[in-house]
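S.K.: Build me a model:
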Amino acid sequence: MAVAGSRHLRDVGWVALAAVGVVLLTQGGHGQLNLAGVLFAGLAAVCWAAYIVLSSATGRRFPGSAGLAIAMVVSAVIITPPALIAGGGAIFRPAVLATGAAIGILSSVIPYRLELESLRRIPMRLFGVWMSLEPAVAALIGLALLGQRLSAVEWLAICCVMVACAGATQY
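M.R.: Predicted coordinates:
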């Protein structure tokens, strides 16, 4: 998103720095490149960009949480039939319903609401850059809460991506 919305050559440098970070995280990409994996990664990037563009448009078109409420109803209609097939009658147990509601609120409603509000206030380009910081945040949470340790190269890779993200936000 940052490069697509940019007209500055320096942004290509930020993308290159982020790419260096990704290569470092994959330890130089030893082994064979999996074409299906590359295609899925490209598809994920396209879907992520579409999500940002469509969420921004939703935030502009619908006041408050109206757009989010519509999206959650559509999602529920899509996911309910497979859930009923997989879970049968057990899906209606109070504990299962409560767990499902908690997961839905914590993993979808709250984050999407915050993202929708963010997209109302900041440019899509900047939002896309900020979202790319999620792996660094996940690594820090893994360190703080789970005691996971990263190597110096992995920390350098994360720093490359974070610096690239910060640099891409500069106008």
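
S.K.: Report the separation between the residue most central in space within the chain and residue 63.
M.R.: If you average the C-alpha coordinates of the chain and look for the closest C-alpha using CA atoms, centre = their mean, you land on residue 131, 5.8 Å from that point. If you measure residue 131 against residue 63 using CB to CB, to the nearest Å, the figure is 24 Å. All C-beta atoms are positioned from the backbone trio N, CA, C, and that covers glycine.

S.K.: So which residues of the chain form helices?
M.R.: 10-25, 35-61, 66-87, 94-104, 110-121, 124-131, 134-146, 152-168 (DSSP state H).

S.K.: Tell me the helices and strands packed up against the second one.
M.R.: Contacting helix 35-61 under the criterion 3 or more CB pairs under 8 Å, 6 or more residues apart in numbering; DSSP states H and E are the following elements: helix 66-87, helix 110-121, helix 124-131.

S.K.: Which of those helices comes out lowest on mean pLDDT?
M.R.: In terms of mean pLDDT, the lowest-scoring of the helices and strands packed on helix 35-61 is helix 124-131 (a mean of 77).

S.K.: Mind listing what's buried along it?
M.R.: Buried positions in helix 124-131, judged by neighbour count with 16 or more other CB atoms under 10 Å: 124-130.
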